[in-house]
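1. This is a predicted model, with the sequence first.
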Amino acid sequence: MADCVSKVELTVSCSNLLDKDVGSKSDPLCVLLQSSGADKWMELGRTERLKNTSDPSFSQRLRLDYHFETVQNLKLGVYDIDNSTSDLGDDDYLGGVESRLARTEIVSSKTVTRPLQLKKGNLPAKEALLVTAEEIKDNRAIVLELEAKKLDK
């Protein structure tokens, strides 16, 4: 049986992020990770970095394949970026959310708001992450021209 796959775009925004910078607000960026099994995560995409904001609304959408009837565990992590390297190990972790891209969670709800977790089991009082999912319709068309000559009657 063929795998039923469609494209989904996630739009991410946050509210009340911690200020990790001295003298200004954080410079947040959101990273999308998908579980590849056995507690391993693969990065699928990143938003742009926004400067000096506690309430970012990222314009860069995160696109991924949605496999119908398959469990797809996702993590969205928010980081305060203060350098030009792509390595997140030297940036401040502002919080994250684990969820499933499934008809019972993100895709069916269209919009999901969750509190950001700083560490496993530790929920802050105010920080929140809002994810909006939009399934991308494929409107491409194919035109075929066929010609046959000297066919049997």
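-> Structure's in. What do you need?
2. Tell me how many other residues crowd the nearest residue to Y79 once chain neighbours are set aside.
-> The shortest distance from Y79 to any non-neighbouring residue, by CB to CB, 6 or more residues apart in numbering, is to D91 (4.5 Å). For glycine as for every other residue, the C-beta is placed from the backbone atoms N, C-alpha and C. Neighbour count of D91, defined by other CB atoms under 10 Å: 20.
3. Ok, A102 next?
-> Applying other CB under 10 Å, I find that A102 has 19 neighbouring residues.
4. pretty sure it is in contact with V71, am I right?
-> Yes: counting by CB atoms under 8 Å, A102 touches V71, with 6.6 Å between them.
5. Quick check: next helix or strand after the helix-or-strand element of the chain with minimal mean pLDDT?
-> Least confident helix or strand of the chain, by mean pLDDT, DSSP states H and E, is helix 106-109 with a mean of 70. Past helix 106-109, further along toward the C-terminus, the next helix or strand under DSSP states H and E is strand 111-115.
6. contact partners of whichever helix or strand comes after that next one?
-> Proceeding N to C from strand 111-115, the next assigned helix or strand is strand 128-136, under DSSP H and E. If you take CB atoms under 8 Å, 6 or more residues apart in numbering as the criterion, strand 128-136 is touched by 6-16, 30, 63, 66, 76, 78, 95-97, 99, 101, 106-107, 109-116.
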